[in-house]
Each structure stands twice: as structure tokens, then as C-alpha cells.
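Undergrad: sequence below, structure please.
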Amino acid sequence: MVRTMNEIEPMLRATLASARARDWVAYRMRFASLRDALRESPQEMVRRHLDVLSAAAPEHDAEGCVAELEALAAELGARTPDAAAAASAAVDLRGLQPPEPIVRIFRALESAPRSPLRVILPHEPLPLYDMLRQRGFRYSGAPRSDGGFELLIEPAKP
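TA: Coordinates of the predicted model:
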């Protein structure tokens, strides 16, 4: 049965709230319901987000889980609370094995190409810069006091 966005949005908000609170028991229960509700989605990107979330171990990568849920929400065009806060919050990609940080950056940019994206990386991502320019994005960044590198990625102005 295909559900409406009026049915999906509350499920997505509840799943996001559980992930942000790191309540993994509630998260798993809510995500299972959300996955079932979206199982027959015709959108390839929605199915891809669900596959990633189904395979994830959220207690080991809470930020990645939240980022993936937010990307799913953006793909669905869902109105979720804290969308502005989520857009301005930096996604910490330290601790992930290559090429996962770059994969997540481009997945986030693909799902919300007009929104700025802030990421924290373990070092300055020099090879990423040319890829961003080729895809129509500009960037600025600076080293962090904790040894990481924070990068802001935005669409290049025409």
C-alpha cells in the first residue's frame, strides 16, 4: 500500500527524533515502520536511502544515520522540524574509511543541491575541490582547533 506524505512525514519525524536522541530501540521500531511504508516507492533514490539505513549500525555512526535520514527527508520533500538547524549543523565525517566521506558528501549534495552543506573531515580534502568545481559547487574551509578540517560547500552562483 502506497502511503501519502501526510502519513509518511510523522513517521519520518519520529524516526529522526529517535536517531537524534540516540534511542536505538525506538529508532529501530520506527525505522521498520517507515521502511515498510516506503517499500513500494517508485523513486530509486528513496530505495537507495532505505537500503543504506537498513544496512547501517546507527549506534556506531549516529551522525551518518541522522544525515541519511535527513537526505531521505529532502528526497521526499518532507517538512521536518529543525530543517534550518540541520542544514547549518556540520556533519562529522571523521572516522569513516575512504571513500565513504566523499560518497556521503555527494549523496547529500545530490539530494539537496541548492542547500549549503557543512562537513567536518580529518584533514583538508584537496582532491575533493576539483570534483566540487566540476559539479558546480564552491567551497571554503578552515582547520579546526581539534585537528579536523571544516568545509562549507554551496552551489556556485551563475
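Undergrad: give me the distance between residue 96 and residue 105.
TA: For residue 96, the distance to residue 105 (Cβ to Cβ, to the nearest Å) stands at 11 Å. Using the backbone N, CA and C atoms, a C-beta is placed for each residue, glycine as well.
Undergrad: quick one, which of the two is more surrounded?
TA: residue 105 (24 against 17; other Cβ atoms under 10 Å).
Undergrad: so how far is residue 117 from that one?
TA: 7 Å.
Undergrad: equivalent analysis for residue 132, please.
TA: 10 Å.
Undergrad: overlap in contacts, these two.
TA: residue 153 (Cβ atoms under 8 Å, 6 or more residues apart in numbering).
Undergrad: the more surrounded of the two?
TA: The residue with more neighbours, out of residue 132 and residue 117, is residue 117; 22 against 19, by other Cβ under 10 Å.
Undergrad: just give the closest residue to that one, not the sequence neighbours.
TA: residue 153 (4.6 Å; Cβ to Cβ, 6 or more residues apart in numbering).
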